[in-house]
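>>> Test case, fold it:
(one chain, ligands or ions: 1)
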Amino acid sequence: MRFHVLTLFPEMIEQGLGQGILGKAAARQLFTLNVVNIRDYTQERHGKVDDYPYGGGAGMLMQAQPVYDAFEAVTAGRKVRTIYVTPQGEPFTQRKARELSEEEELLFLCGHYEGIDERVLEEIVTDSISIGDYVLTGGELPAMVMIDAIARLLPGVLGNDSSAEEESFHCDLLEYPQYSRPEIWHGQKVPEVLLSGDHRKTAAWRLEQSVSRTAERRPDLYEKYRRKQEMIKRLSSEKRNNI
Ligand SMILES: CCN(CC)Cc1ccc(CNC(=O)c2csc3nc[nH]c(=O)c23)cc1
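Numbering: from 1, shown residues only. Next up, the predicted model:
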């Protein structure tokens, strides 16, 4: 996978994605990261890349020419899936991360100020994606969030035992509480069942914890889970009756 990021703050991306698991994975060539400074492509003097929006309105807009020239420099005529990170985009989900992780190459366009001239977006953008319904100061953090979620799905980036955890999230339940040594900390004991070594009881306790935590914190996911359970029950009883 080759990640390209077009941004006005390249060091933010390089710092943010150069540490930890992703830094190591990039060093092992499990993916490459190419960060391009849009300001390097301006034809205006003093590195100017923004201007006032036609029709008035608060703030400034990034102009089309520098963005387009940076894009052309990276893609060199290749057709590359180009993601414009924007509050006006479709919501980013684990499903979308999985879909994007199948691509060979991804180009992320980070806006700043109040956005980018629509004409260059029309020409180069394939997907407009938001990371949530809150307003940030720029697209760099959203691009890093998405690259993190996508890169961890690439072969070799995480230890191979994590895929099971992936599935658990897919069954729409929040994860159960976890404990490690010591057995008593600040007078709080680890739940007995986890010390019992009884795997069946442990699994049952963890499922119960996941369900109650989901019901409490994510009623939307809980509702989905409940309906799925009901359908499974109905189908299995229908199957029994038909036999
Ligand atoms: C004036 C209307 N604003 C849109 C809500 C303009 C605007 C605010 C903030 C930004 C910077 N944010 C992003 O570039 C961004 C990119 S993806 C994303 N997901 C959630 N929230 C976000 O702010 C973002 C861009 C335009």
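
>>> Quick one: distance of stretch 132-140 to the chain centre.
Distance of stretch 132-140 from the chain centroid (Cα atoms, centre = their mean, to the nearest Å) equals 13 Å.

>>> in that stretch, what counts as buried?
By neighbour count, with 16 or more other Cβ atoms under 10 Å as the criterion, the buried positions of stretch 132-140 are Gly138, Gly139, Glu140. C-betas here are computed from N, CA, C, even on glycine.

>>> Can you give me the distance of the second one to Leu235?
In this structure, Gly139 and Leu235 are separated by 44 Å, where distance is defined by Cβ to Cβ, to the nearest Å.

>>> pLDDT, secondary structure and distance to the ligand added to the buried residues of stretch 132-140, as a markdown table?
Shown next, in a markdown table, are these (pLDDT from 0 to 100; DSSP: H, G, I helix; E, B strand; the rest coil; distance: Cβ to the nearest ligand atom, whole Å):
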| residue | pLDDT | secondary structure | distance to the ligand |
| --- | --- | --- | --- |
| Gly138 | 94 | coil | 5 |
| Gly139 | 97 | coil | 4 |
| Glu140 | 97 | helix | 8 |
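
>>> between the residues you listed, which is closest to Phe71?
Closest to Phe71 out of the buried residues of stretch 132-140 is Gly139 (14.6 Å), distances taken as Cβ to Cβ.

>>> pretty sure the closest one contacts Ile83?
No: the criterion here is Cβ atoms under 8 Å, and Gly139 misses it with Ile83 at 9.9 Å.

>>> list residues touching both of those two?
Common neighbours of Gly139 and Ile83 (criterion: Cβ atoms under 8 Å, 6 or more residues apart in numbering): Phe108, Leu109.

>>> Could you pull up the contacting residues of Tyr225?
When contacts are counted by Cβ under 8 Å, 6+ apart, Tyr225 touches Cys171, Asp172, Leu173, Val211, Thr214.

>>> what's the helix or strand for the last one?
Under the criterion of DSSP states H and E, Thr214 resides in helix 199-217.

>>> and that helix, which residues are buried?
For helix 199-217, a neighbour-count test (16+ other Cβ under 10 Å) marks Thr202, Trp205, Arg206, Gln209, Ser210, Val211, Arg213, Thr214, Ala215 as buried.

>>> what does stretch 217-228 give?
Leu221, Tyr222, Tyr225.

>>> Tell me the residues of the chain that contact the ligand?
Within the chain, the positions near the ligand by Cβ under 6 Å from any ligand atom are 85-87, 111, 114-115, 130-132, 134-136, 138-139, 142.

>>> that older thread, which one among the buried residues of helix 199-217 gets closest to the ligand?
Thr214 (24.4 Å; Cβ to the nearest ligand atom).

>>> Show me which strand runs longest in the chain.
Ordering each strand of the chain by length in residues (DSSP state E) puts strand 81-91 first.

>>> per-residue confidence averaged over that one?
The average pLDDT within strand 81-91 is 97.
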